[in-house]
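J.: What shape does this take:
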Amino acid sequence: MTSALHALERLREGNRRFAAGDSGLESRSARTHRGDLASGQEPFAAILGCSDSRVPVEIVFDQGLGDLFVIRVAGNVVAPSQIGSVEFAAERFGTRLVVVLGHSRCGAIQATLEQLQRPSENQSRNLHSIVDRIRPSVEGLLATELRRDPETLVRQAVRANIRASVSHLRHGSQLIEQLVRSSGLLVVGAEYSLETGVVDFFEGVPAQ
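T.: Coordinates of the predicted model:
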């Protein structure tokens, strides 16, 4: 079993390779073990990321087959199915690091802010369910001076939503809470920059 801190360092190293344009080593190595992986998996980290096509998690962290347990949903929101998926990885495979990975210029965040500022009755019920999950973490920002600075508003809202998802995972499951307390499970938040390719781990990361 890979410890949470070791897993975090592996992700950081992989992202450094990707951002520097030196990725591919981990992926090539993993492909040689495809047959071995058919009988089981031991992902060293679980990632709850956004569905955005510009943020393919394995590529961003330069990891290969069997390395990451990836859950993707627009806005990296947390619903019962996402919690259950994290529980599955933590309990079944012994995965001890969970990362909520948001990203700059997130369309789901922008759509939520637009809906809060200019409500539309034509939005589908399913899309509205995503907005409703993001809303509590960002609507307070609209009561501040940030509402006059759209670019900064989105940046702050992205991070607020990541923090909310981290908190929801930590406190929305008795199993996850127990594993955090007794088995070294770590739930952290990070933001991927579309512009630079760099992942910034900023929420819940232990001081070094």
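J.: Please identify which helix or strand holds the residue lying closest to Ala111 once chain neighbours are set aside.
T.: Leaving aside its sequence neighbours, Ala111 sits nearest to Val131 (CB to CB, 6 or more residues apart in numbering; 6.6 Å). Where C-beta positions appear, they are placed from N, C-alpha and C, glycine not excepted. Assessed by DSSP states H and E, Val131 sits inside helix 125-138.
J.: got the buried residues for that helix?
T.: For helix 125-138, a neighbour-count test (16 or more other CB atoms under 10 Å) marks 130-131, 133-134, 137-138 as buried.
J.: Not counting its own residues, what contacts it?
T.: 73-75, 77-79, 108-109, 111-113, 115-116, 123, 157, 160-161, 163-164 (CB atoms under 8 Å, 6 or more residues apart in numbering).
J.: Going toward the C-terminus from it, what's the next helix or strand?
T.: With DSSP H and E, the next secondary element past helix 125-138 is helix 150-171.
J.: Below-threshold pLDDT in the chain: ranges please.
T.: Within the chain, the stretches with pLDDT under 70 are 25-32, 208.
J.: Against which helices or strands is the helix or strand where Ile83 lies packed?
T.: Using DSSP H and E, Ile83 sits in helix 80-93. Judged by 3 or more CB pairs under 8 Å, 6 or more residues apart in numbering; DSSP states H and E, helix 80-93 is in contact with strand 45-49, strand 68-72, strand 97-103, helix 150-171, helix 174-182.
J.: quick one, which of the ones you listed is nearest to Ala7?
T.: Between Ala7 and the helices and strands packed on helix 80-93, the shortest separation by CB to CB is 3.8 Å, and it involves strand 97-103.
J.: ok, that closest one: who's next to it in the sheet?
T.: strand 45-49 (parallel), strand 186-192 (parallel) (DSSP bridges).
J.: Please state the offset of the shortest one from the chain centre?
T.: Looking back up the chat, that one is strand 45-49. 5 Å (CA atoms, centre = their mean, to the nearest Å).
J.: Just the buried residues of the following helix or strand past it, please?
T.: The helix or strand immediately downstream of strand 45-49 is helix 57-60, counting by DSSP H and E. In terms of neighbour count (16+ other CB under 10 Å), helix 57-60 has its buried residues at 57-58, 60.
J.: Please apply the same query to stretch 143-150.
T.: In stretch 143-150, residues buried by neighbour count (16+ other CB under 10 Å) are Leu146.
J.: Excluding sequence neighbours, find me the nearest residue to Asn161.
T.: Ser137 (4.7 Å).
J.: tally of neighbours for the closest residue to Ser193 other than its chain neighbours?
T.: In this structure, Ser193 finds its nearest non-sequential neighbour in Ser104, 5.2 Å apart by CB to CB, 6+ apart. Residues within reach of Ser104, counting by other CB atoms under 10 Å, total 18.
J.: Can you report phi and psi for Ser104?
T.: Main-chain dihedrals, Ser104, degrees, to the nearest 10: phi -60, psi 150.
J.: List the residues that contact it.
T.: Ser104 neighbours (CB under 8 Å, 6+ apart): 155, 158, 191-195.
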